[in-house]
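Novice: Okay, sequence plus prediction incoming.
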Amino acid sequence: MVKYRTIKLISLLLIMLGIFSIFFQFNKNSLNTFPQSGNIIDVIVGKKTLFESRIIQQFIIKDSNLGFIDLAISFPKTLPEHPVPILFILGGLETGFESVRHVTDIGDNILVGYNWPIDSKLPKGINLLIESPAIYQKIYKAPAQIATAIEWVTKQPWAEKERVSLLGFSIGAIVVPAVQNIIESRGLATIGWTVLAYGGANIGRIVNSNPFINPKWTKPFLGYIIQLLFNPIDPKEHLEYISGNFLLISGKNDEFIPKKSSSLMQDLTPLPKKIVLLDGRHMGVGEKQKELLSLIIKETRIWLEQNGAINPNF
């Protein structure tokens, strides 16, 4: 009975948020939904980690409007005296450190990982109901935080601001178009190369196709509400407005991203673009997925090198 009441309460909240979202979106376009950055009050230099041929340094940017932006930046052990290319990596709901540590043999290029402000393990039951407004706010704040972080990075003496790439994998690929649209529309930086790997457009359809959501009869309802709630983040709202060079990578048997969603993302992405289809299921960083992850990294690195986005000395 308690569980049933909790489901009813959560459903009611989602409906209320959906109604609010519809009203909000009729009055504001997708870009204006995201908060503006304030002033950078402080930059905290955190933990330094030696990892194989790299030095991973934590930086925490404190923005007066967006709060704390937590980054993990991977430098070559011997940093050249001249600026080097930047690769900003958005992975799934993993830490910035996890995002950059998987790429070690990358030479004189700098990798930047972002710590998502949302815990990968969401609260359950009544706690989810209580914390839903805060989670909702954090999700909408994330693209603006990432855009602000990229602007800050490009202003550092070690950053070659003419060669900045934005790489999105899984959930990161879904968020990247909104981030790039914010950056370009607000004149924060120039993104020359964009990677969209294992993502898709139409968030509601992705939720509706998720094989692990139970009971299954809730999926159409949840997909519809999630689309209303987070439509301003959906790649379909941003892809036509961004520019650059694009690499799209998809899995032939992806169990999380339906073919219609990945195909829609491919169709909406501007030219020039390259589309790569790989065997296997959805990407991940687990022990059983290392071979696929290595292949994805290889395809990405080759494309970046061929297009002059990175220094090839590795």
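Specialist: Ah, there it is.
Novice: Which secondary structure state does the residue sitting nearest the centre point of the chain sit in?
Specialist: Centroid-nearest residue in the chain, with C-alpha atoms, centre = their mean: Gly172, separated by 2.4 Å. Secondary structure, DSSP: H, G, I helix; E, B strand; the rest coil: Gly172 is helix.
Novice: That one and Gly96 touch, don't they?
Specialist: No: using C-beta atoms under 8 Å, Gly172 is not in contact with Gly96, being 11.1 Å away. Backbone N, C-alpha and C define where each C-beta goes, glycine included.
Novice: which residues do these two both contact?
Specialist: Shared contacts of Gly172 and Gly96 (C-beta atoms under 8 Å, 6 or more residues apart in numbering): none.
Novice: Would you mind measuring from Pro232 to Trp217?
Specialist: Plainly put, Pro232 is 28 Å away from Trp217 if you go by C-beta to C-beta, to the nearest Å.
Novice: Those two - which one has more neighbours?
Specialist: The neighbour comparison of Pro232 against Trp217 (other C-beta atoms under 10 Å) goes to Pro232, with 20 against 7.
Novice: List of residues touching the helix or strand that contains Leu50?
Specialist: Leu50 belongs to strand 40-51 when assigned by DSSP states H and E. Under the criterion C-beta under 8 Å, 6+ apart, residues 55-64, 74, 77, 97, 101, 104, 148, 152 lie in contact with strand 40-51.
Novice: Inside strands: which ones of those residues?
Specialist: Secondary structure from DSSP state E places 55-63, 74 of those in strands.
Novice: Which two of the residues you listed have the greatest separation?
Specialist: Ile55 and Asp63 (25.0 Å; C-beta to C-beta).
Novice: Have a look at those two and say which one is more surrounded.
Specialist: Asp63 (22 against 15).
Novice: Any of the contacts of strand 40-51 buried? List them.
Specialist: 56, 58-59, 61, 63, 74, 97, 101, 148, 152 (16 or more other C-beta atoms under 10 Å).
Novice: Redo those as TSV? Include pLDDT.
Specialist: Output for the buried ones among the contacts of strand 40-51, formatted as TSV (pLDDT from 0 to 100):
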residue	pLDDT
Ile56	96
Gln58	97
Phe59	97
Ile61	98
Asp63	97
Ser74	97
Phe97	85
Arg101	87
Thr148	98
Trp152	98
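Novice: Check the residues you listed against Gly280 and report the nearest one.
Specialist: Arg101 (22.1 Å).
Novice: how about the helices in the chain?
Specialist: Applying DSSP state H to the chain gives helices spanning 2-27, 96-101, 126-154, 171-185, 203-209, 219-230, 259-268, 290-306.
Novice: who's in contact with the shortest one?
Specialist: Contacts to helix 96-101, defined as C-beta under 8 Å, 6+ apart, come from residues 49, 51, 54, 56, 58, 70-74, 89-91, 111-115, 285.
Novice: Need the buried ones from those selected in PyMOL.
Specialist: Selection of the buried residues among these in PyMOL, burial being defined by 16+ other C-beta under 10 Å:
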select buried, resi 54+56+58+70+71+72+73+74+89+90+91+111+112+113+114+115+285
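Novice: If you rank every helix and strand of this structure by mean pLDDT, what lands last?
Specialist: helix 2-27 (a mean of 50; mean pLDDT, DSSP states H and E).
Novice: Next, count neighbours for Gly38.
Specialist: Neighbours around Gly38, by other C-beta under 10 Å: 13.
Novice: Quick check: phi and psi at it.
Specialist: phi -100, psi -130 (degrees, to the nearest 10).
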